[in-house]
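**Q** Mind folding the following:
(chains A and B)
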Amino acid sequence: EAQVTQNPRYLITVTGKKLTVTCSQNMNHEYMSWYRQDPGLGLRQIYYSMNVEVTDKGDVPEGYKVSRKEKRNFPLILESPSPNQTSLYFCASSFSVLGGTDTQYFGPGTRLTVL
Amino acid sequence: AQTVTQSQPEMSVQEAETVTLSCTYDTSESNYYLFWYKQPPSRQMILVIRQEAYKQQNATENRFSVNFQKAAKSFSLKISDSQLGDTAMYFCAFMPPHLMIKAAGNKLTFGGGTRVLVKP
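**A** Numbering: from 1, shown residues only, chains lettered A, B, ... in the order given. Just a heads-up that it's a prediction; the model follows:
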(Lines give C-alpha, C1' and ligand atoms only; values in the text may rest on other atoms or scores of the structure.)
Protein backbone atom coordinates (compact mmCIF):
# COMPACT_ATOMS: atom_id res chain seq x y z
CA GLU A 1 0.00 0.00 0.00
CA ALA A 2 1.32 3.42 -1.01
CA GLN A 3 1.70 5.53 2.07
CA VAL A 4 3.60 8.05 4.14
CA THR A 5 4.34 6.88 7.65
CA GLN A 6 5.35 8.90 10.66
CA ASN A 7 6.63 7.82 14.05
CA PRO A 8 5.81 8.33 16.78
CA ARG A 9 2.16 9.31 16.43
CA TYR A 10 2.10 10.86 19.89
CA LEU A 11 4.98 12.20 21.94
CA ILE A 12 5.18 14.05 25.24
CA THR A 13 8.61 15.33 26.14
CA VAL A 14 10.33 17.97 28.24
CA THR A 15 12.08 21.15 27.28
CA GLY A 16 15.57 20.62 25.92
CA LYS A 17 15.43 16.88 25.34
CA LYS A 18 16.44 16.16 21.74
CA LEU A 19 13.94 14.22 19.70
CA THR A 20 13.45 12.94 16.17
CA VAL A 21 10.21 12.38 14.31
CA THR A 22 10.66 9.96 11.46
CA CYS A 23 8.95 10.11 8.09
CA SER A 24 9.11 7.46 5.43
CA GLN A 25 7.39 7.04 2.07
CA ASN A 26 7.26 3.94 -0.11
CA MET A 27 6.32 5.64 -3.38
CA ASN A 28 9.78 6.66 -4.64
CA HIS A 29 8.79 10.32 -4.30
CA GLU A 30 11.35 13.02 -4.96
CA TYR A 31 9.71 15.78 -2.94
CA MET A 32 9.17 15.63 0.81
CA SER A 33 8.29 18.28 3.32
CA TRP A 34 7.31 18.93 6.91
CA TYR A 35 4.41 21.08 8.12
CA ARG A 36 3.19 22.04 11.52
CA GLN A 37 -0.48 22.66 12.27
CA ASP A 38 -1.62 25.12 14.90
CA PRO A 39 -5.17 26.29 15.69
CA GLY A 40 -6.26 29.18 13.50
CA LEU A 41 -3.03 29.12 11.52
CA GLY A 42 -3.58 26.09 9.34
CA LEU A 43 -0.49 24.20 8.25
CA ARG A 44 2.83 25.96 7.78
CA GLN A 45 5.83 24.53 6.03
CA ILE A 46 8.93 23.93 8.15
CA TYR A 47 11.42 22.38 5.71
CA TYR A 48 11.29 20.68 2.36
CA SER A 49 13.53 18.49 0.23
CA MET A 50 13.65 18.27 -3.55
CA ASN A 51 15.78 15.11 -3.53
CA VAL A 52 18.49 13.28 -1.63
CA GLU A 53 20.88 15.69 0.08
CA VAL A 54 18.83 18.70 -1.12
CA THR A 55 16.91 20.48 1.63
CA ASP A 56 15.72 24.02 2.18
CA LYS A 57 13.86 26.12 4.71
CA GLY A 58 10.16 26.68 4.61
CA ASP A 59 8.27 29.41 6.43
CA VAL A 60 8.93 28.39 10.04
CA PRO A 61 12.32 26.58 10.21
CA GLU A 62 13.60 27.99 13.51
CA GLY A 63 14.33 25.29 16.04
CA TYR A 64 14.17 22.42 13.54
CA LYS A 65 16.63 20.42 11.47
CA VAL A 66 16.12 17.87 8.73
CA SER A 67 18.20 15.51 6.67
CA ARG A 68 17.61 13.54 3.48
CA LYS A 69 20.21 10.82 3.25
CA GLU A 70 17.89 8.36 1.56
CA LYS A 71 15.12 9.09 -0.88
CA ARG A 72 12.44 7.42 1.24
CA ASN A 73 13.25 9.01 4.61
CA PHE A 74 13.01 12.59 5.82
CA PRO A 75 13.38 12.86 9.60
CA LEU A 76 12.53 16.02 11.54
CA ILE A 77 14.93 16.79 14.37
CA LEU A 78 14.29 19.06 17.33
CA GLU A 79 17.66 19.57 18.97
CA SER A 80 16.32 21.45 22.00
CA PRO A 81 12.52 21.41 22.01
CA SER A 82 10.64 24.27 23.61
CA PRO A 83 6.96 24.58 24.59
CA ASN A 84 6.21 26.73 21.53
CA GLN A 85 6.98 23.68 19.40
CA THR A 86 3.98 21.90 20.83
CA SER A 87 1.99 21.22 17.70
CA LEU A 88 0.64 18.68 15.25
CA TYR A 89 3.25 17.76 12.66
CA PHE A 90 2.69 16.39 9.17
CA CYS A 91 5.09 14.94 6.68
CA ALA A 92 4.10 15.11 3.02
CA SER A 93 5.53 13.78 -0.22
CA SER A 94 4.90 13.97 -3.95
CA PHE A 95 6.37 12.17 -6.93
CA SER A 96 7.89 15.12 -8.71
CA VAL A 97 8.86 18.66 -8.03
CA LEU A 98 6.50 20.05 -10.63
CA GLY A 99 4.03 21.47 -8.21
CA GLY A 100 0.28 21.49 -8.47
CA THR A 101 -0.07 18.87 -11.20
CA ASP A 102 1.10 16.29 -8.70
CA THR A 103 -0.80 15.04 -5.66
CA GLN A 104 0.82 15.51 -2.27
CA TYR A 105 0.39 12.62 0.12
CA PHE A 106 0.28 13.39 3.81
CA GLY A 107 1.33 11.22 6.70
CA PRO A 108 -1.03 10.53 9.61
CA GLY A 109 0.41 13.30 11.80
CA THR A 110 2.46 13.39 15.00
CA ARG A 111 1.03 15.10 18.05
CA LEU A 112 3.96 16.60 19.99
CA THR A 113 3.67 18.13 23.44
CA VAL A 114 6.70 19.84 24.99
CA LEU A 115 6.38 20.50 28.72
CA ALA B 1 4.34 36.14 -0.02
CA GLN B 2 1.07 34.45 -0.61
CA THR B 3 -1.63 34.47 2.03
CA VAL B 4 -4.81 32.45 2.31
CA THR B 5 -7.76 33.55 4.42
CA GLN B 6 -10.73 31.51 5.56
CA SER B 7 -13.11 33.88 7.30
CA GLN B 8 -15.49 31.29 8.75
CA PRO B 9 -13.98 29.46 11.75
CA GLU B 10 -17.01 27.17 12.12
CA MET B 11 -20.13 26.26 10.20
CA SER B 12 -22.95 23.86 10.79
CA VAL B 13 -25.35 22.34 8.30
CA GLN B 14 -28.22 19.91 8.41
CA GLU B 15 -27.75 16.57 6.77
CA ALA B 16 -28.73 16.64 3.06
CA GLU B 17 -28.43 20.41 2.86
CA THR B 18 -25.78 22.53 1.15
CA VAL B 19 -22.99 24.51 2.75
CA THR B 20 -20.50 26.89 1.17
CA LEU B 21 -17.08 27.61 2.61
CA SER B 22 -15.27 30.77 1.64
CA CYS B 23 -11.61 31.26 0.87
CA THR B 24 -9.71 34.27 -0.40
CA TYR B 25 -6.05 34.48 -1.26
CA ASP B 26 -3.49 37.03 -2.22
CA THR B 27 -0.84 36.52 -4.87
CA SER B 28 0.94 38.34 -7.66
CA GLU B 29 1.28 35.15 -9.70
CA SER B 30 -0.89 34.65 -12.77
CA ASN B 31 -0.81 30.89 -12.79
CA TYR B 32 -1.10 28.78 -9.67
CA TYR B 33 -3.06 25.96 -8.08
CA LEU B 34 -5.75 25.98 -5.43
CA PHE B 35 -6.86 23.11 -3.25
CA TRP B 36 -9.39 22.15 -0.64
CA TYR B 37 -8.29 19.58 1.92
CA LYS B 38 -10.50 17.78 4.40
CA GLN B 39 -9.25 16.81 7.85
CA PRO B 40 -11.68 14.50 9.69
CA PRO B 41 -11.27 13.70 13.40
CA SER B 42 -8.71 11.06 12.42
CA ARG B 43 -6.45 14.04 11.50
CA GLN B 44 -5.66 12.58 8.09
CA MET B 45 -5.29 15.22 5.37
CA ILE B 46 -7.48 14.28 2.42
CA LEU B 47 -7.43 16.11 -0.89
CA VAL B 48 -10.99 17.07 -1.84
CA ILE B 49 -10.57 19.11 -4.99
CA ARG B 50 -7.91 20.85 -7.08
CA GLN B 51 -8.25 23.90 -9.36
CA GLU B 52 -5.69 25.19 -11.84
CA ALA B 53 -5.84 28.96 -12.18
CA TYR B 54 -5.51 29.00 -15.94
CA LYS B 55 -8.61 26.81 -16.28
CA GLN B 56 -11.76 28.88 -16.18
CA GLN B 57 -14.04 25.92 -15.64
CA ASN B 58 -14.82 25.28 -12.00
CA ALA B 59 -13.64 21.93 -10.68
CA THR B 60 -16.16 19.37 -9.46
CA GLU B 61 -15.76 16.12 -7.57
CA ASN B 62 -19.04 14.34 -6.89
CA ARG B 63 -20.84 16.42 -4.21
CA PHE B 64 -17.99 18.91 -3.94
CA SER B 65 -17.65 21.86 -6.29
CA VAL B 66 -15.81 25.14 -6.29
CA ASN B 67 -16.59 28.66 -7.37
CA PHE B 68 -13.30 30.08 -8.61
CA GLN B 69 -13.29 33.82 -9.17
CA LYS B 70 -9.76 34.67 -10.31
CA ALA B 71 -10.18 38.44 -10.48
CA ALA B 72 -11.62 38.52 -6.99
CA LYS B 73 -9.05 35.96 -5.77
CA SER B 74 -11.84 33.90 -4.30
CA PHE B 75 -12.11 30.12 -4.14
CA SER B 76 -15.20 28.86 -2.32
CA LEU B 77 -16.15 25.22 -1.74
CA LYS B 78 -19.71 24.02 -1.97
CA ILE B 79 -20.70 20.76 -0.33
CA SER B 80 -24.03 19.52 -1.65
CA ASP B 81 -26.24 16.90 -0.02
CA SER B 82 -24.15 17.06 3.15
CA GLN B 83 -23.48 13.76 4.87
CA LEU B 84 -22.46 13.00 8.45
CA GLY B 85 -19.09 11.86 7.15
CA ASP B 86 -18.44 15.37 5.85
CA THR B 87 -17.95 16.57 9.43
CA ALA B 88 -14.35 17.75 9.44
CA MET B 89 -11.98 20.67 9.33
CA TYR B 90 -11.60 22.03 5.80
CA PHE B 91 -8.49 23.83 4.63
CA CYS B 92 -8.08 25.97 1.57
CA ALA B 93 -4.54 25.94 0.18
CA PHE B 94 -2.53 27.75 -2.48
CA MET B 95 0.42 26.44 -4.45
CA PRO B 96 2.55 28.69 -6.70
CA PRO B 97 3.74 27.64 -10.12
CA HIS B 98 6.93 25.66 -10.33
CA LEU B 99 9.87 28.02 -10.21
CA MET B 100 12.84 26.78 -12.16
CA ILE B 101 15.35 28.85 -10.26
CA LYS B 102 14.26 28.10 -6.75
CA ALA B 103 12.13 25.02 -6.95
CA ALA B 104 9.69 25.76 -4.16
CA GLY B 105 6.71 25.14 -6.39
CA ASN B 106 5.39 22.31 -4.27
CA LYS B 107 4.87 24.45 -1.18
CA LEU B 108 1.31 24.64 0.04
CA THR B 109 0.16 27.78 1.85
CA PHE B 110 -2.89 27.00 3.96
CA GLY B 111 -5.71 29.06 5.37
CA GLY B 112 -6.63 28.79 9.03
CA GLY B 113 -9.38 26.26 8.39
CA THR B 114 -13.16 26.05 8.72
CA ARG B 115 -14.70 23.47 11.00
CA VAL B 116 -17.85 21.97 9.47
CA LEU B 117 -20.37 20.11 11.58
CA VAL B 118 -23.07 18.15 9.79
CA LYS B 119 -26.09 17.62 12.02
CA PRO B 120 -28.50 14.68 11.64
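
**Q** C-terminal to the top strand by length along chain A, what's the next element?
**A** What stands out as the longest strand in chain A, according to DSSP state E, is strand A:42-51. Using DSSP states H and E, the next helix or strand after strand A:42-51 towards the C-terminus is strand A:54-57.

**Q** So what sits opposite the residue in chain B that chain A sits nearest to in the bridge?
**A** Nearest residue of chain B to chain A: B:Tyr33, at 2.7 Å (CB to the nearest CB). C-betas here are computed from N, CA, C, even on glycine. Counting by DSSP bridges, B:Tyr33 is bridged to B:Glu52, B:Met95.

**Q** what about it, how many neighbours?
**A** 22 (other CB atoms under 10 Å in any protein chain shown).

**Q** repeat for B:Arg43
**A** 17.

**Q** quick one: it is in a strand?
**A** No. Secondary structure of B:Arg43 (DSSP: H, G, I helix; E, B strand; the rest coil): coil, not part of a strand.

**Q** OK, contacts around it?
**A** Residues near B:Arg43 by CB atoms under 8 Å, 6 or more residues apart in numbering or on different chains: A:Leu88, A:Pro108, A:Gly109.

**Q** Tell me how far it lies from A:Gly63.
**A** 22 Å (CB to CB, to the nearest Å).

**Q** gap between the helix or strand of chain A with the lowest mean pLDDT and the chain center?
**A** The weakest-scoring helix or strand in chain A, judged by mean pLDDT, DSSP states H and E, is strand A:54-57 (a mean of 91). Relative to its chain's centre, strand A:54-57 lies at 12 Å (CA atoms, centre = their mean, to the nearest Å).

**Q** ok, residues contacting that strand?
**A** Outside of strand A:54-57, the residues within contact range by CB under 8 Å, 6+ apart are A:Tyr47, A:Tyr48, A:Ser49, A:Met50, A:Val66, A:Ser67, A:Arg68, B:Ala104.

**Q** Which neighbours in the sheet does that strand have, and how are they oriented?
**A** As defined by DSSP bridges, the strand partners of strand A:54-57 come to strand A:42-51 (antiparallel).

**Q** I figured B:Pro41 hits B:Ala88, correct?
**A** Yes. Applying CB atoms under 8 Å, one finds B:Pro41 in contact with B:Ala88, separated by 7.4 Å.
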